[in-house]
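[1] The following comprises the amino acid sequence and a computationally predicted model.
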Amino acid sequence: MDKMQKRNADVENVRQRPAVAPRVDVFENEHEYLIVADLPGVKKEGLKLDIDDDELKLEGTRNTSEPGALVAGECRAVDYRRTFVVPEGVDREKIDAELAAGVLRLRLPKAEALRPRQIAVRAG
Amino acid sequence: MFQYVGDFDNAFAFSMLDQLRRHMDRAFDEYDRSTHATAARNYPASNLYDTGAAYVITAEVPGLTEKDVEITATQDVVTVSGERKNEVPEGYSVHRSERANVKFKRSYALPARIDPSKVGASLTNGVLTLTLEKAAEVKPRQISVRAH
């Protein structure tokens, strides 16, 4: 009974809008992978990029404010969400994201080699 | 879906087709339909709002900036045209290409007359917002009631 109540409370608080996968183009050259995604209406503050293991999660939320009474609507009030599998050999520290005119350009540079990382030793 | 052969009476058969269609629609829901076949006839996806004194049209045009769109307006119709060329950047090979090149010209017929000299347009984050002030004679007027 308690668990059911808790679940209902969670359901009330979830503000998530339905999400669709944005359209993307994926390119590659010898230096990097380039992902270009259409995210109209998404501002920098609404864009979230997370890398977990080998998955790159892209989430773009947007504030669609209604300037008046809706007479006719074709735009879906949705957010954008898509997950990519990051191939091996990508230098994660140097991933670069640029958002302009509602289009995201994600650059995933390829690591030259699997470079050993310096591990700082703390005096203990 | 087709669980029981005996359940094939007319009404039920249609409702199963309906279910099939809904399942298919939901499958497509997962993807951004902005350049889907039927939607492509109506590119860009737009909303029309009525603020009372003006109409506001928002249109999703990712990748376009002010210099890429052309807007003309008459008393009843607003036309937006533009083009987005997605060239493959030089030296890259293509793994996936979902973003289409678009060349569009779309006219919006408005429910009431507007003042074409008072059209405002802004384009940010790939969303075009047009503010179309209604013609003076069409604007809703406040009617005050006199006490007697």
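    Perfect, I can see it now.

[2] Who's the closest spatial neighbour of whichever residue of chain A sits closest to chain B, skipping the chain neighbours?
    Residue of chain A nearest chain B, by CB to the nearest CB: residue A:102 (2.0 Å). All C-beta atoms are positioned from the backbone trio N, CA, C, and that covers glycine. Distances taken as CB to CB, 6 or more residues apart in numbering or on different chains place residue B:126 nearest to residue A:102, at 2.0 Å, with adjacent residues excluded.

[3] What parts of chain A come near chain B?
    A:18, A:20-29, A:33-34, A:36, A:38-43, A:62, A:66-76, A:80, A:101-103 (CB under 8 Å from any CB of the partner chain).

[4] ok, the residue nearest to residue A:102 touching residue A:37?
    No - using CB atoms under 8 Å, residue B:126 is not in contact with residue A:37, being 11.0 Å away.

[5] higher neighbour count, these two?
    Neighbours per residue (other CB atoms under 10 Å in any protein chain shown) separate residue B:126 from residue A:37, with residue A:37 holding more: 28 against 24.

[6] Report the contact partners of the residue nearest to residue A:102.
    Going by CB atoms under 8 Å, 6 or more residues apart in numbering or on different chains, residue B:126 touches A:38-41, A:101-103, B:60-64.

[7] run the last query once more with 10 Å
    Counting by CB atoms under 10 Å, 6 or more residues apart in numbering or on different chains, residue B:126 touches A:38-42, A:99-103, B:44, B:59-65, B:84.

[8] Then residue A:28?
    A:34-35, A:87, A:108, A:110, B:91-96 are the contacts of residue A:28 under CB under 10 Å, 6+ apart.

[9] Take the residues you listed and keep only those in strands.
    Mapping the contacts of residue A:28 onto strands (DSSP state E) picks out A:34-35, A:108, B:93-96.

[10] Just flag the most distant two among these.
    Greatest spacing in the ones in strands among the contacts of residue A:28, by CB to CB: A:108 and B:94 (15.4 Å).

[11] Neighbour count for those two, which is higher?
    residue A:108 (24 against 11).

[12] The more buried one and residue A:87 touch, don't they?
    Yes - with contact defined as CB atoms under 10 Å, residue A:108 reaches residue A:87; the gap is 8.2 Å.

[13] Find the residues that touch each one of those two.
    With CB under 10 Å, 6+ apart as the test, residue A:108 and residue A:87 both reach A:28, A:33.

[14] What are the buried residues along the lengthiest strand in chain B?
    Taking DSSP E as the criterion, chain B has its longest strand at strand B:114-124. Residues of strand B:114-124 classed as buried by neighbour count (16 or more other CB atoms under 10 Å in any protein chain shown): B:114-116, B:119, B:121, B:123.

[15] same for the helix or strand that that strand is followed by, what does it pack against?
    Per DSSP states H and E, the first helix or strand lying C-terminal to strand B:114-124 is strand B:127-134. On a contact count with 3 or more CB pairs under 10 Å, 6 or more residues apart in numbering or on different chains; DSSP states H and E, strand B:127-134 meets strand B:46-50, strand B:54-60, strand B:69-73, strand B:77-84, strand B:114-124.

[16] can you put these in a markdown table and add mean pLDDT and distance to chain A?
    Converted to a markdown table, the helices and strands packed on strand B:127-134 look like this (pLDDT from 0 to 100; distance: least, CB to the nearest CB, whole Å):
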| stretch | mean pLDDT | distance to chain A |
| --- | --- | --- |
| strand B:46-50 | 92 | 4 |
| strand B:54-60 | 93 | 4 |
| strand B:69-73 | 94 | 11 |
| strand B:77-84 | 92 | 9 |
| strand B:114-124 | 92 | 8 |
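
[17] Out of these, flag the one nearest residue A:93.
    Closest among these, using CB to CB: strand B:114-124, at 31.2 Å.
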